[in-house]
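S.K.: okay, structure incoming, though there's no sequence with it:
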């Protein structure tokens with residue numbers, strides 16, 4: 001499998017008139033990852049079942065910067081949102097690296 005270069009950004013938020021507003025994005029850096037496309041079924045807060053699509057991104061080794069839920073990643077020219085806390089990518093008892101989960105916005 002070939003790795004892909006995926007840039008990550010973080011949007012700082014601020015409050016305006018009682019609403020959360022995303023500011024300008026800050027570049028975190030780019031990672032060379034393996035990208036596995038997929039579709040995911042989950043239930044919203046209102047009980048609605050939705051199907052989303054996105055990617056699981058696999059990074060070998062230790063990341064050079066911190067990625068958080070809400071950050072964005074540009075995968076194959078499309079901006080997606082990190083929707084889960086990054087977790088260890090393991091094979092048995094051995095840690096290979098980090099797995100990131102990114103999805104398309106529900107509004108797309």
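M.R.: The structure has been received and is ready for your questions. Keep in mind it's a predicted model, so treat the numbers as computed, not measured.
S.K.: tell me the SS of the spatially closest residue to residue 101 that is not a sequence neighbour?
M.R.: Nearest residue to residue 101, sequence neighbours excluded (C-beta to C-beta, 6 or more residues apart in numbering): residue 84, at 4.2 Å. C-beta here means a position set from N, CA and C on the backbone, and glycine is covered the same way. Classification of residue 84 using DSSP: H, G, I helix; E, B strand; the rest coil returns coil.
S.K.: how much space is there between residue 84 and residue 56?
M.R.: Remark: distance between residue 84 and residue 56 (C-beta to C-beta, to the nearest Å) = 9 Å.
S.K.: kindly report the same for residue 101.
M.R.: 6 Å.
S.K.: and for residue 39?
M.R.: 11 Å.
S.K.: these two: which is more packed in?
M.R.: More crowded of residue 39 and residue 56, by other C-beta atoms under 10 Å: residue 56, with 17 against 9.
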